[in-house]
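[1] kindly return the folded structure for what I paste below:
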Amino acid sequence: MDGESCVKKAYEFILNSDFEQAIYWFEQAIAAEPLNASYQHKCAVSCARSGKWSKAHQYAKQAIELEGNHPEYLYHLHTIESKLLVSSAELKLAEEPSRYLDALPLLQQAAELDPLSFEAFYLLALTYSEIGRIEDSVVNAREAIRLDPGHSAARRLFADVNRKRRMMRRRVMGKQQQKD
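    The predicted model follows:
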């Protein structure tokens, strides 16, 4: 079967929400035409939709290697890499004790790669709050809310760190007034 026929089969399965079979048919298309970046990209998208992030990353990288100047392929690769970085950071944050300073650069890079990643900004806000960098926490919590205005935990975090920031400012102002 030629690549285009395999892709048509894959789309039939996507319409039926069977992403496993869609991935299988995209992989058949890739086997038929391994230099077709479009097939690699389409397979990466289906893998990402199925939560197969490592496999999605592999296919997205191959699409870029074949056609590196394609903005859509590059954007998708960045979103996948961002998701993988967020997952790695979550593991560090889940350790006992949490490894905030190890998670921080992963989350910063994730936010740079995917400026629409709510998870990256929300976890950055949480991490900054935990290490006492309240201003940075406020900035990232605000961005998380901008990306998902209805997220109640992000709203609570923003309110909490904003309150801490106001209290810190009052303390600083009080100390300055005592000196004067």
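[2] from Arg49, how far off is Leu123?
    22 Å (C-beta to C-beta, to the nearest Å). C-beta: built from backbone N, CA, C; applies to glycine.
[3] more crowded one of these two?
    Neighbour count, other C-beta atoms under 10 Å: between Leu123 and Arg49, Leu123 has more, with 23 against 14.
[4] tell me which strands and helices the host helix or strand of the more buried one is in contact with?
    Using DSSP states H and E, Leu123 sits in helix 118-130. Where contact means 3 or more C-beta pairs under 8 Å, 6 or more residues apart in numbering; DSSP states H and E, helix 118-130 is packed against helix 71-94, helix 100-113, helix 134-147, helix 152-179.
[5] buried stuff in the last one?
    Burial within helix 152-179, assessed by neighbour count using 16 or more other C-beta atoms under 10 Å, is assigned to Ala154, Leu157, Phe158, Asp160, Val161.
[6] who touches the third one in this structure?
    When contacts are counted by C-beta atoms under 8 Å, 6 or more residues apart in numbering, Phe158 touches Ala125, Val138, Ala141, Arg142, Ala144, Ile145.
[7] hang on, the earlier thing: just give me the closest of the buried residues of helix 152-179 to Arg171.
    Checking these against Arg171 with C-beta to C-beta, the nearest one is Val161 at 15.4 Å.
[8] which parts of stretch 60-75 are buried?
    Ala60, Lys61, Gln62, Ala63, Ile64, Leu66, Glu67, His70, Tyr73.
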